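*Asks:* need a 3D model of the sequence below.
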Amino acid sequence: MSKKNKELEEWEDKPDYVEPEQIKEIIDTQLEESKVVAWKGSEKIYEPGYYGKQIGDRLELAMVEACLLLKRGRIRVFSSGKQMNFQELYDHARNLDRRFPERYRVYEDLRERGLLVRTGFKFGCDFRVYERGVQLKKGPKSAKEHTKWIVFCVPEDYTLSFQELSRSVRLAHNIRARMLWAVVDNEGDATYYIIQRMKP
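*Replies:* Next up, the predicted model:
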């Protein structure tokens, strides 16, 4: 029922993420418990890769997004007036979410493959992944512009019930997406499995 799918193989031939030629401005952000917020220059964070969610005059970054952007030198993160380094922010996120190491590793891997990745909280999954080249927009979307995969991130020793597996497959089917299980091993490598409903 679960297997590596041919459409996943297309990822293997793609080069790792290449940073845009020169990002001239590093944006200052503020840690607010479970998110990182930017008030000024938020368009310089959002538009080059659709990071974060614009809420009024502020851009809110999920912890996986903030950690990756900090690691790449795109943002600075401050907490109580003190600038944080990557390890401090990562440890903070890990203290909030015991699944953060797997979630961050998968998020980083998908972004390095050049895929557009958004958080999947409202769909009950870890991430929504789009085809390469998709531009996010409001209103009606073509088939290509819809979420292609929803992703659940788990460690290699994770166990689940058939009911949980069935619910996740049904969720993906309901939004016309494929369901991926991203299994992170003890070395930090992610392997992706498509699980789908088969009709006899």
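*Asks:* residue ranges of the helices in this protein, please?
*Replies:* Assigned by DSSP state H, the helices in the chain fall at 6-12, 42-46, 63-71, 86-96, 100-112, 162-174.
*Asks:* so for Ile195, which of the ones you listed sits nearest?
*Replies:* Closest to Ile195 of the helices of the chain is helix 162-174 (Cβ to Cβ; 5.9 Å). For every residue, glycine as well, the C-beta is placed using N, CA and C.
*Asks:* check the offset of the closest one from the chain's centre.
*Replies:* Distance of helix 162-174 from the chain centroid (Cα atoms, centre = their mean, to the nearest Å) equals 20 Å.
*Asks:* for stretch 61-73, what is the distance to the chain centroid?
*Replies:* On the basis of Cα atoms, centre = their mean, stretch 61-73 sits 10 Å off its chain's mean C-alpha point.
*Asks:* show the average pLDDT along it.
*Replies:* Averaged over stretch 61-73, pLDDT sits at 96.
*Asks:* now do stretch 78-95
*Replies:* 97.
*Asks:* could you dump that stretch to CSV, C-alpha only?
*Replies:* What follows is stretch 78-95, C-alpha atoms only, in CSV (Å, rounded to 0.1, in the frame of the first residue of the first chain):
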residue,chain,number,x,y,z
PHE,A,78,15.4,39.2,18.3
SER,A,79,13.9,38.2,21.6
SER,A,80,13.8,40.7,24.6
GLY,A,81,16.2,42.9,22.7
LYS,A,82,18.8,40.2,22.2
GLN,A,83,19.7,38.8,18.8
MET,A,84,19.3,35.0,18.5
ASN,A,85,21.4,32.7,16.5
PHE,A,86,20.1,29.6,14.6
GLN,A,87,20.7,27.1,17.4
GLU,A,88,19.0,29.3,20.0
LEU,A,89,15.9,29.7,17.8
TYR,A,90,16.0,25.9,16.9
ASP,A,91,16.2,24.9,20.5
HIS,A,92,13.3,27.3,21.4
ALA,A,93,11.1,25.7,18.7
ARG,A,94,12.1,22.2,19.8
ASN,A,95,11.0,23.0,23.4
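*Asks:* before we move on, the earlier item: in JSON lines, list the helices of the chain along with distance to Glu32.
*Replies:* Formatted as JSON lines, these follow (distance: least, Cβ to Cβ, whole Å):
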{"stretch": "helix 6-12", "distance to Glu32": "34"}
{"stretch": "helix 42-46", "distance to Glu32": "14"}
{"stretch": "helix 63-71", "distance to Glu32": "11"}
{"stretch": "helix 86-96", "distance to Glu32": "11"}
{"stretch": "helix 100-112", "distance to Glu32": "17"}
{"stretch": "helix 162-174", "distance to Glu32": "29"}
